[in-house]
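Colleague: from the sequence below, what's the structure:
(2 chains)
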Amino acid sequence: KQEVTQIPAALSVPEGENLVLNCSFTDSAIYNLQWFRQDPGKGLTSLLLIQSSQREQTSGRLNASLDKSSGRSTLYIAASQPGDSATYLCEWMDSSYKLIFGSGTRLLVRP
Amino acid sequence: GAVVSQHPSWVICKSGTSVKIECRSLDFQATTMFWYRQFPKQSLMLMATSNEGSKATYEQGVEKDKFLINHASLTLSTLTVTSAHPEDSSFYICSAREGAPANTGELFFGEGSRLTVL
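Modeller: As a prediction, this is how the structure comes out:
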C-alpha cells in the first residue's frame, strides 16, 4: 500500500523562525508532488508543485525540495508569520496516476 | 491560479434525504475531477475519480450507490449523497486539474462542503 508520512504531526513556533516540514513517500516512481495549506473548515490552497524531473520549487518565503531516491520532500518556510498558521499537506501522484495525501502537519506560529 | 468552486459551502439535512454537491471549474476544462471526504483532524480520503462523459471510478470501500457522481460536462461534476445518515456527516472536497486524466499538472481544490445530517 502506497503511503505518505508527514513529520512532525504538529508544530508550534514563535514568529520569525525558519521551519522545515517533512514528507516521505513509498514509491520513487512518482509523477509529481504538491504541497498545500488548509485553513480550518476550508479547502486546500496549492503552494508548490514539483514535477518528477525537478529538484525544487520556490515561491516567496516557501521552498520545496524533492529527492526521489530517498523518497522525501521538504517544505521550508522562512521567517514564519502568524498568518502561516494552518495545516500543511503534501500529495503525490504515483506511477498509476493515483493521488495520495499525507496526514498533514498542523502549524501554529505564535506572535 | 485556476479556480474550482463548490456549492453549497455547508448544508444541514434530515436523515434519509439526499443532498447534491456541485463542483465547477470556473476558468478551465477538467476532464477529470476528484471527490474526497475529510474527517476532523484527518487527511483527505479519495472517494472517487469523476470522468467526464463516463462512469466514475470509486475507491475501495466507497459505496457507489450511496455516493452518486455525475460529470456531465467539462466544467461540472456533482456528488449526491443518497439517503444520508448521521455517519455521512463530513467535509466533502472536490479537486480538478486541467486537461486529460493523466495530466500531471497542478491540482486545484474547491472550498469544500460541510454536510451535517441530523
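
Colleague: ok, and does stretch A:31-48 reach over to chain B?
Modeller: Yes: applying C-beta under 8 Å from any C-beta of the partner chain, one finds stretch A:31-48 touching chain B at A:Y31, A:N32, A:Q34, A:F36, A:G41, A:K42, A:G43, A:L44, A:T45, A:S46. Using the backbone N, CA and C atoms, a C-beta is placed for each residue, glycine as well.

Colleague: mean confidence score for that stretch?
Modeller: The average pLDDT for stretch A:31-48 rounds to 88.

Colleague: go through that stretch and flag the buried ones.
Modeller: For stretch A:31-48, the neighbour count (16 or more other C-beta atoms under 10 Å in any protein chain shown) marks A:31-38, A:42-44, A:46-48 as buried.

Colleague: those: which two are farthest apart?
Modeller: A:Y31 and A:K42 (26.3 Å; C-beta to C-beta).

Colleague: which residues of chain A lie near chain B?
Modeller: Taking C-beta under 8 Å from any C-beta as the contact definition, chain A meets chain B at A:31-32, A:34, A:36, A:41-46, A:49, A:51-52, A:89, A:91, A:93, A:97-99, A:101-104, A:106.

Colleague: at 10 Å instead, please
Modeller: A:4, A:6, A:9-10, A:30-32, A:34, A:36, A:38, A:40-46, A:48-49, A:51-52, A:87, A:89-91, A:93, A:96-104, A:106 (C-beta under 10 Å from any C-beta of the partner chain).

Colleague: tell me which entries of these lie within strands.
Modeller: A:4, A:6, A:10, A:32, A:34, A:36, A:38, A:44-46, A:48-49, A:51, A:87, A:89-91, A:93, A:99-101, A:106 (DSSP state E).

Colleague: so what strands line up beside the worst-scoring helix or strand of chain A on mean pLDDT?
Modeller: Every helix and strand in chain A was compared by mean pLDDT, DSSP states H and E; the lowest is strand A:99-101, with a mean of 83. Applying DSSP bridges, strand A:99-101 is found paired with strand A:86-93 (antiparallel).

Colleague: and the strand it pairs with, what's buried?
Modeller: For strand A:86-93, by 16+ other C-beta under 10 Å, it's A:A86, A:T87, A:Y88, A:L89, A:C90, A:E91, A:W92, A:M93.
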